[in-house]
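# Requesting a structural model of the entry that follows:
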Amino acid sequence: MERFAWKATVKEGMLSEYKKRHDNIWPELKQVLKEAGISNYTIWNTGNELFGYFECDKGVAYAEKYQAASSVVDKWNEYMKDVMVMEMDPETGAQPKMKQVFFLA
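Numbers count the residues shown, from 1 in each chain. Sure thing, here's the model as predicted:
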């Protein structure tokens, strides 16, 4: 199991809309994430900053490729464009990986 962390920014005044959309996340998107091997997915915020964390049972590379190939993920990303700004890694099609600097087991 590998861990993955990402960061993004919520546009000014859009945090409640961001939360609302995640409260109503599409079932088909949940299914894609599960099929990608993603579990324990959590998103946190402070101010307009977002921090996401998930675990990948099938590995990060598999999860990145699976999501990048999904039309559901493409539609979700398009749906979220008006409420958030997220860089995408052009090589993987996923969020840029954050580097782990500490871990306590």
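# which outside residues touch the helix or strand harbouring V32?
Element membership for V32, per DSSP states H and E: helix 27-35. Helix 27-35 is contacted from outside by Y41, F54, Y66, Q67, S70, V72, V73, W76, using C-beta atoms under 8 Å, 6 or more residues apart in numbering. Quick note: C-beta positions are derived from backbone N, CA and C, even for glycine.
# so how far is V73 from the second one?
Taking C-beta to C-beta, to the nearest Å as the measure, F54 falls 14 Å from V73.
# wouldn't G59 be in contact with G37 here?
Yes - counting by C-beta atoms under 8 Å, G59 does reach G37; the two are 7.1 Å apart.
# Those two: which is more packed in?
A count of neighbours by other C-beta atoms under 10 Å puts G37 above the other of G59 and G37, at 18 against 14.
# Give me the pLDDT for the more buried one.
pLDDT, G37: 98.
# again with Q100
On the pLDDT scale, Q100 gets 89.
# Contacts only, for it.
R3, A5.
# State the number of residues packed around W76.
Neighbours of W76 (other C-beta under 10 Å): 19.
# I figured it hits W26, correct?
Yes - if you go by C-beta under 8 Å, W76 and W26 touch, sitting 6.8 Å apart.
# Could you list the low-pLDDT ranges of the protein?
Applying pLDDT under 70 to the chain flags the ranges 93-94.
# Could you pull out the strands in it for me?
In the chain, the strands defined using DSSP state E lie at 2-10, 38-46, 49-56, 84-85.
# Now do the shortest one: which elements does it pack against?
So the one you mean is strand 84-85. If you count contacts as 3 or more C-beta pairs under 8 Å, 6 or more residues apart in numbering; DSSP states H and E, strand 84-85 packs onto strand 2-10.
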